[in-house]
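> Predicted model and sequence below, questions to follow.
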Amino acid sequence: MLWIVFLIVLALFFDYLNGFHDAANSVATIVSTRVLSPKMAVFWAALFNFAALFVFHTGVAKTIGSGIVDISIVDSSLVFGALAGACVWNLLTWWWGLPSSSSHALIGGLIGAALVKAGPSSLVAGGILKTLVFIVIAPILGMALSICMASVVFRLFRRTNPFKVDHIFRKGQFLSAAAYSLGHGGNDAQKTMGIITMLLFGGVSGAGESAGAVRDFFLTSNEALSFARDGKFFVPIAVIVLCHMAIALGTLSGGWRIVKTMGQKVTRLKPVDGFCAESGAAVSIFISSVLGIPVSTTHTITGGIVGIGSFRRFSAVRWGVARKIVWAWIVTIPAAAAISALAYIVKAQF
């Protein structure tokens with residue numbers, strides 16, 4: 001019982017780290033354009049991280065919970081390995097100031113532990129392929145949408161006084177930052193929901209009765225009746241609320257090392273630039289969430305920032321910094337998988 005509770009707390013800690021790590025992505029543009037102070041920006045982002053629970057369904061949670069590894073091989077050691085790999089990699093990349101993907105760290109963690117436990121046959125190829133494809137699509141889509149948004153906005157306001165444009169889009173950034181944070185909460189909180197639900201409903205070997213007792217604690221009477229009747233994978237309301245609370249609290253804590261990388265080192269931003277980057281990224285995340293794809297919000301906002309920088313002037317983007325970020329993306333899944341595999345091996349010895 002205590003071990004299952006510990007794993008749920010560890011999952012919520014990962015969710016907190018996700019918000020902490022990705023706070024920079026949510027607020028970097030609005031802080032760098034000086035529309036909001038850092039404290040007000042993280043409060044604004046955290047508010048909409050939590051509000052996302054009223055907007056999005058749980059398609060991404062189902063992909064994480066049953067679409068990456070075969071749920072029949074899940075045990076508490078595998079869940080521990082996956083969470084350990086994701087948490088350690090998040091902390092390392094935060095320390096290095098790299099905006100890597102918490103989502104892909106978690107997916108890498110699941111893959112690494114599953115490979116050690118049961119080999120390649122335990123992986124769900126379709127879900128992993130969809131995730132890998134969107135490693136490429138997400139930043140490109142964010143970039144394309146931010147460029148489209150910029151071309152429309154710049155055309156509409158081409159004869160408007162620059163000071164007036166700045167004034168308009170300082171207000172506009174409140175909306176675009178809210179939309180991006182809403183999408184971030186809607187997509188990223190679901191990854192932790194998927195892990196916790198996998199733990200509660202996946203028939204965790206060696207802890208079946210304990211997992212069942214904890215599961216019953218989370219279920220409302222209607223959910224318990226529904227599960228008893230058809231036994232389908234679904235995310236309990238209590239888990240949804242807890243995950244959104246954890247990611248919102250993490251966002252409130254802020255990951256300031258990454259703010260400088262995202263908001264200043266890639267390209268310099270004006271309020272109109274921040275509005276276009278955030279809006280393009282938000283639309284991309286909304287589409288992914290509706291499709292149930294665990295997309296990297298980090299990749300998406302980075303694509304948006306690079307897009308708006310290159311739209312203004314190709315040389316405005318510091319491509320050396322962008323390359324460094326891309327390498328962090330490439331390394332994330334295998335690095336988290338390696339840490340996860342090691343954690344699984346250590347845990348399995350006890």
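On my side now, so go ahead. Just so it is clear, the model here is predicted, and its values are computed rather than measured. Numbers count the residues shown, from 1 in each chain.

> I'd say residue 289 and residue 183 touch.
Yes. Contact between residue 289 and residue 183 holds when scored by C-beta atoms under 8 Å: they sit 6.7 Å apart. The C-beta positions use only the backbone N, C-alpha and C, and glycine is treated the same way.

> Those two: who's more crowded?
Taking residue 289 and residue 183 together and counting by other C-beta atoms under 10 Å, residue 183 has the greater number of neighbours (30 against 27).

> I'd guessed the more buried one sits against residue 49; true?
No. Look at residue 183 against residue 49 with C-beta under 8 Å: they stay out of range, at 9.8 Å.

> Show me what counts as buried in the top helix by length along the chain.
If each helix of the chain is counted by residues according to DSSP state H, the longest one is helix 162-201. Burial within helix 162-201, assessed by neighbour count using 16 or more other C-beta atoms under 10 Å, is assigned to 165, 168-170, 172-173, 176-201.

> And the helices in the stretch 151-300 of the chain, which stretches?
Listed in chain order, the helices of the stretch 151-300 of the chain (DSSP state H, counting those that start in this stretch) span 162-201, 208-218, 221-230, 237-253, 256-260, 271-290, 297-312.

> The fourth one packs against which elements?
Meaning helix 237-253. The helices and strands touching helix 237-253, judged by 3 or more C-beta pairs under 8 Å, 6 or more residues apart in numbering; DSSP states H and E, are helix 2-32, helix 38-51, helix 162-201.

> what residue ranges in the protein are flagged as low confidence?
Low-confidence segments of the chain, defined by pLDDT under 70, are located at 24-26, 99, 202-211, 224-233, 255-268, 314-322, 324-325.

> Dead centre of it: give me the residue that sits there.
residue 188 (3.4 Å; C-alpha atoms, centre = their mean).

> How about that residue: what's its closest non-neighbour residue?
Leaving aside its sequence neighbours, residue 188 sits nearest to residue 18 (C-beta to C-beta, 6 or more residues apart in numbering; 5.4 Å).

> so that neighbour touches residue 90, yeah?
Yes. Under the criterion of C-beta under 8 Å, residue 18 makes contact with residue 90 at 7.1 Å.

> More neighbours: which of those two?
The residue with more neighbours, out of residue 18 and residue 90, is residue 18; 31 against 24, by other C-beta under 10 Å.

> ok, now which ones touch the more buried one?
For residue 18, the set of contacting residues under the criterion of C-beta atoms under 8 Å, 6 or more residues apart in numbering consists of 90, 102, 188-189, 191-192, 247, 250.

> switch the cut-off to 10 Å
When contacts are counted by C-beta atoms under 10 Å, 6 or more residues apart in numbering, residue 18 is found next to 49, 86-87, 90, 101-103, 105-106, 184-185, 188-189, 191-192, 243, 246-247, 250-251, 297.

> Same question for residue 338.
Neighbouring residues of residue 338 by C-beta under 10 Å, 6+ apart: 85, 89, 108-109, 112.

> Recalculate using a threshold of 7 Å.
Residue 338 makes contact with residue 112, according to C-beta atoms under 7 Å, 6 or more residues apart in numbering.

> and if you look at residue 112?
Neighbouring residues of residue 112 by C-beta under 7 Å, 6+ apart: 81, 85, 336-338, 340-341.

> Could you check how far it is from residue 65?
Distance from residue 112 to residue 65, counting by C-beta to C-beta, to the nearest Å: 17 Å.

> And for residue 35?
Residue 35 sits at a distance of 37 Å from residue 65 (criterion: C-beta to C-beta).

> Comparing those two, which residue is more hemmed in?
A direct count of neighbours by other C-beta under 10 Å for residue 35 and residue 65 places residue 65 higher, at 28 against 22.

> Please verify my assumption that that one contacts residue 199.
No. With contacts counted by C-beta atoms under 7 Å, residue 65 stays clear of residue 199, the gap being 9.0 Å.
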